[in-house]
Structure formats: C-alpha cells, structure tokens
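Trainee: What follows is a predicted protein model with its sequence.
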Amino acid sequence: MIRFLALASAWKASALRCLPLVLLFVCFAALPGSPEPPEEVLDSCLAVDRIPLSAVSIDPVAGRVEVMEGGPASPYRLYLPDGDNRTLRIGYASGKPPGRDYLFVNSHRGYLDRAIGLAPDAPARLERPQKASFAMLGYLGERYLCLMEMHGQGSRNRKRSAYVARIPMRMGVEMSLYYKLAALPASPQLPALPSPSSSSPAPAALPR
C-alpha cells in the first residue's frame, strides 16, 4: 500500500510538472490563423501599377523578373524580380514537375494550393510569372506581400488576380495567402477643361 501511494505521488508530481507545457500547447492550438487582409489591401494589390488612392503604402519591387533554373536536380524554378531590395528576398518558386508552387519572403513561404480563395477556382500556379508584378504593402502597422497578374491580351486584358499575405513577425512561419480575381477598374477621368466659344465675353482692354 505504501509503495502504491509513493508511485501515485510521483505520478502526480510528474503530471503537475507537465501541466504548464500542456496548457501552453492548448493555447497555441486555439490561436486563430492569419486574419484576412483588409479589403483596402486586396484592392491596392489589384491596382498596384496605378496611382494609390488609399491609405495603403505601396513599395513596388521594380525590374524585370529573372529566372533561375537551379540545375536539373532542383525541384523548383525560381522567378526573382531584379529590383529586389536585398533586405527582403522576394520571389516565386514553380515546381518541376508542376506542383506545390509558392511565394516567398526570406524564410516565409505561402503555398498557392493552400490559398484562401476570395474568388472561385483559385489556380495552383501562375500563368505568366515573368509578367507578374511584385510589391510590398503597408497598412496599419502590418506588412503584406503582393503579387498581381494580368489575364488576357490587348483590349481583352480586363481581369487581374492578386495573391496577398501578411508577413509574419517570427522567422520561418508559413504565410497564409489570399487570392482575389476581379475586373480591371476604369481609371478615374480628370474633369474636362471648358472650351472657349464665340459667345464668351471679350477680355477687357488694358488701359493705355
């Protein structure tokens, strides 16, 4: 009996020591995922090549998108904008063969096949990654990765898709991508200047 009580006491002490770790694990598991980007951020990404008309700051990663093959043994083909600011390594990795494509910022990855589609039929890869536009967005103290791709040719090029993800604070944390497809909004038109007419009064003569 005494031996049983001793074993029970030791088990209880061991359980109490593990309790904080168990509670910590439960708290982490209960934390919500990355929140959906605000509508202003998604719309700014769709119109990233236009004059910003909102409180979202836009820092385009300008330049031509270069391709790095990485050799026949490499499972990915990398697309890197040559305007990369070297502080944040930004790009798109396309699988060879196709599959598990992802966007990345430094050590953060966001997989396209896990993107939360705010439009139906979110694709698992980009159509023309070398024509895509990369940018960093800022809004209310948060930083976001933006990739915008145009669809169609010429006058039919009226749709755009955007992948947006909040950049996590901790290194190595996977990004949650959000996808949106929308028609290209019309550019705001400046008001036309009044044209002079014959009925307009003549300017007053200057005194001699």
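Mentor: Okay, I see it. Residues are numbered from 1 along each chain as shown.

Trainee: Can you show me the helices along the protein?
Mentor: Secondary structure of the chain by DSSP state H: the helices cover 2-30, 39-46.

Trainee: Go through those and find the least confident stretch.
Mentor: The minimum mean pLDDT among these belongs to helix 2-30 (a mean of 46).

Trainee: got the angle between the top strand by length along the chain and helix 39-46?
Mentor: Ranked by residue count under DSSP state E, the longest strand found in the chain is strand 142-151. Calculated by axes from the mean of the first three to the mean of the last three C-alpha atoms, to 10 degrees, strand 142-151 forms an angle of 40 degrees with helix 39-46.

Trainee: by contact count, what packs against strand 142-151?
Mentor: Contact here means 3 or more C-beta pairs under 8 Å, 6 or more residues apart in numbering; DSSP states H and E; on that basis strand 142-151 packs against helix 39-46, strand 102-105, strand 133-139, strand 159-166. C-beta here means a position set from N, CA and C on the backbone, and glycine is covered the same way.

Trainee: List the pairing partners of it within its sheet, with orientation.
Mentor: Paired strands of strand 142-151, with direction, are strand 133-139 (antiparallel), strand 159-166 (antiparallel) (DSSP bridges).

Trainee: Which stretch among the ones you listed is buried most, on average?
Mentor: Of all those, strand 159-166 has the most neighbours on average by mean count of other C-beta atoms under 10 Å, namely a mean of 23.

Trainee: ok, now how distant is the spatially closest residue to S54 that is not a sequence neighbour from E69?
Mentor: If the residues on either side of it in the chain are set aside, S54 comes closest to E40, at 5.0 Å by C-beta to C-beta, 6 or more residues apart in numbering. Distance from E40 to E69, counting by C-beta to C-beta, to the nearest Å: 38 Å.

Trainee: And S94, by the same measure?
Mentor: Counting by C-beta to C-beta, the gap from S94 to E69 is 11 Å.

Trainee: Which of those two has more residues huddled nearby?
Mentor: Per other C-beta atoms under 10 Å, whichever of S94 and E69 has more neighbours is S94, with 18 against 10.

Trainee: Residues contacting stretch 150-170, please?
Mentor: Outside stretch 150-170, the residues that touch it by C-beta atoms under 8 Å, 6 or more residues apart in numbering are 34-35, 37, 41-42, 45-46, 48, 103, 105, 108, 110, 112, 115, 119, 123, 127, 131, 137, 142-149, 174-184.

Trainee: Can you find the helix or strand of this protein with the lowest average pLDDT?
Mentor: Lowest mean confidence among the helices and strands of the chain (mean pLDDT, DSSP states H and E): helix 2-30, at a mean of 46.

Trainee: in this structure, which segments are predicted with low confidence?
Mentor: Within the chain, the segments meeting pLDDT under 70 span 1-34, 70-71, 83-86, 119-120, 154-157, 184-208.

Trainee: Y144 contacts P38, correct?
Mentor: No: using C-beta atoms under 8 Å, Y144 is not in contact with P38; the gap is 9.3 Å.

Trainee: Those two: who's more crowded?
Mentor: Y144 (23 against 17).

Trainee: The more buried one and H108: what is the separation?
Mentor: Taken as C-beta to C-beta, the span from Y144 to H108 is 12 Å.

Trainee: No further questions, thank you.
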